[in-house]
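Chemist: Whatever this is, show me its structure:
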Amino acid sequence: MKILVLNFNLKGVGTYRRSFYFSRELARRGHDVTMFTVSRDSKFRPKIYFKKDWVGQSDQPVGEGPWVRMTEGPNWGYKWLPCWGSGPLDIWLRTKEILYGNYDVIYGFEYHPNVSWPVYWTRPFKSYRFFSDWCDWFAGNSNRLRNWRIAHKIDGWLEERIRFLAEKITVTSKTLLERALNIGIPADRIVHIPEGAATDYIQRIPARAARLFFGLPEDVSVVLTGLDWEIERSLYIFKALLKRMPDVHLIVLGREHPLAVRQVRELGLGSQVHFTGWVSDEDYPRWIACADVCFLSLEDSLLHRARWPAKILDYLAAARAVVTNGVGEILDLFTQRDVGVLAPYDIEGMAEAIVSLLQDPERRLYYGQQARRVMVEEWDWRVRGEQIAKVVES
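Modeler: So this is what the prediction gives:
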């Protein structure tokens with residue numbers, strides 16, 4: 001089949017990950033797949049190339065695949081609307097692609113204007129089958145929309161309305177599955193496909209080699225967290241950790257946030273906190289490998305119950321010991337498989353759990369080995385491939 005995948009956000013960001021790996025698995029099974037995303041650096045012109053791995057791209061699909069034809073739409077106007085994905089040139093190119101591309105299937109990842117509007121506009125004229133993926137409950141909690149109440153109501157209606165047009169919808173969490181049922185989507189049209197692990201991209205790298213590459217100290221303990229929703233709380237966890245182990249260093253992986261940088265100064269954490277800033281795809285696995293322990297703070301909120309924090313799977317795939325909180329899909333994974341530590345949500349409890357691992361190298365090694373094995377055998381995207389293909393082939 002000829003399949004067009006529409007991702008609403010920027011290349012390499014957020015839902016791009018899920019839509020790319022869905023696309024690759026569909027291509028692996030012989031389908032002709034084109035994926036649309038939004039360019040990070042091209043304002044007015046599209047970019048077209050072919051891609052088979054997370055790192056790298058090619059002008060032509062040379063050699064063994066699976067190859068996905070990628071189109072980056074122009075980012076002009078991408079943030080004009082509060083929920084993003086509103087670039088007019090990008091939307092027009094997607095609409096044109098559907099009108100003239102003769103696709104059998106359109107697979108929309110989320111509901112934003114550059115996903116839903118081309119579908120609404122072209123359905124009266126084209127006979128493709130439409131499928132929808134729901135991997136964040138934006139109107140439920142994620143979107144702030146500048147605190148406009150009417151904008152929240154409109155956003156919620158748009159987020160759910162597009163699902164009714166889909167032949168089937170895929171959801172990343174049981175919370176979204178329940179929501180889909182509650183709004184009236186028949187159970188036989190909903191497929192629960194959790195996030196997958198990119199074990200071909202995230203490899204096990206020795207910590208010593210990774211630290212040498214970035215010039216980090218080799219003889220100190222290092223912990224890592226992502227620049228996530230709860231980064232301010234994570235810094236308080238690190239401060240509590242320093243009371244127990246004063247020589248520990250923290251890596252904050254991701255684009256620097258001014259509030260987090262200011263908080264480091266206010267807490268007096270100084271040179272022991274390393275903000276990586278935006279990192280290249282090549283460097284991302286190396287940064288994770290620098291850590292003895294990775295941690296991610298997750299409040300038991302609708303936001304975290306509905307989404308799948310993919311960072312956790314990256315830490316596990318890198319064979320690192322992980323400390324987090326038992327929320328949503330994370331709770332199921334960590335209780336069904338012995339891959340890491342679920343800590344109490346309070347700051348002191350998280351700090352104590354991290355210290356316990358830092359002081360026990362054999363336990364860290366055990367969790368790392370278990371985590372890597374489970375990710376490869378049970379969570380790799382290739383393991384998800386058959387389930388993904390069945391959605392569109394049934």
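Chemist: where's the closest residue to K239 other than its chain neighbours relative to L303, distance?
Modeler: Of all residues not flanking K239 in the chain, L267 sits nearest, at 5.3 Å (Cβ to Cβ, 6 or more residues apart in numbering). To be clear about C-beta, it is placed using only N, CA and C from the backbone, and glycine gets the same treatment. From L267 over to L303 the distance is 25 Å, taken as Cβ to Cβ, to the nearest Å.
Chemist: neighbour-wise, which of those two wins?
Modeler: L303 (21 against 15; other Cβ atoms under 10 Å).
Chemist: so the more buried one makes contact with D228?
Modeler: No: with contact defined as Cβ atoms under 8 Å, L303 and D228 do not form a contacting pair (10.6 Å).
Chemist: count of residues packed around P194?
Modeler: Residues near P194, counting by other Cβ under 10 Å: 17.
Chemist: next one: K43
Modeler: 12.
Chemist: K79 now?
Modeler: 11.
Chemist: And for V191?
Modeler: Residues lying near V191 (other Cβ under 10 Å) number 17.
Chemist: Which residues belonging to stretch 8-19 are considered buried?
Modeler: For stretch 8-19, burial by neighbour count (16 or more other Cβ atoms under 10 Å) applies to F8, N9, L10, K11, G14, T15, Y16, R17, R18, S19.
Chemist: Span of it from start to end?
Modeler: In stretch 8-19, first residue to last residue: 10 Å (Cα to Cα, to the nearest Å).
Chemist: Also stretch 214-231?
Modeler: 22 Å.
Chemist: And it, what's buried?
Modeler: Per 16+ other Cβ under 10 Å, stretch 214-231 contains these buried residues: L216, S221, V222, V223, L224, T225, G226, L227, D228, W229, E230, I231.
Chemist: from the residues you listed, which is closest to G277?
Modeler: Of all those, L227 has the smallest distance to G277: 9.4 Å, by Cβ to Cβ.
Chemist: Name all residues that make contact with that closest one.
Modeler: With contacts defined as Cβ atoms under 8 Å, 6 or more residues apart in numbering, the neighbours of L227 are V252, L253, G254, R255, E256, H257, A260.
Chemist: Using pLDDT, spot the least trustworthy of those.
Modeler: Lowest pLDDT among the contacts of L227: E256, with 78.
Chemist: is it fair to say that one lies in a helix?
Modeler: No: secondary structure of E256 (DSSP: H, G, I helix; E, B strand; the rest coil): coil, not part of a helix.
Chemist: Now do the residue nearest to K239, the pLDDT please.
Modeler: At L267, pLDDT is 85.
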